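> Have a look at this prediction, sequence included:
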Amino acid sequence: MSAYKPWREFERECRRDFEDLGFKAKRVWSEQFEEGGGADVVAERGDLRFVAQCKYGNNPNLRKAYLEAVDAREEGQIALGICRYRNERDTLVCLSWRDFKKLIRPLQASDERR
């Protein structure tokens, strides 16, 4: 990847990554400008629904991204803050502990069936 990557391209990449994982995903950035806030990407697959706020730059604020996603989420959606630093460190994801447990609970059920 190049050293320069605009935030819009990062949002597109997040949407494509969700689609690669089998989600129906869309960018909704126009709502941010019309409503003064909102999510960058909304993705869903079955009962699993995410709303993500994506930040890219020299020092993106992961907590702020997560809180913006919380403000934008609707009933049943899991809020995600997704950040990537310009210097190409790993992309970080933030979600609540309650939502994390909801995601991994099916793994526990499958282990108990063994």
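Nice, I can see it.

> Contacts for the longest strand anywhere in the chain, please.
The longest strand of the chain (DSSP state E) is strand 48-57. Residues outside strand 48-57 that contact it (C-beta atoms under 8 Å, 6 or more residues apart in numbering) are 5-7, 10-11, 14, 18, 23, 39-44, 61-62, 64-66, 68-69, 72-74, 76-86, 103. Any C-beta I mention is one placed from the backbone N, CA and C, and that applies to glycine too.

> do the same with stretch 72-85
10, 14, 37-39, 42, 47-70, 90-96, 99, 102-103.

> Inside helices: which ones of those residues?
Residues of these located in helices (DSSP state H): 10, 14, 62-70, 99, 102-103.

> what about the protein, any weak spots by pLDDT?
Applying pLDDT under 70 to the chain flags residues 1-5, 29-37, 110-111, 113-114.
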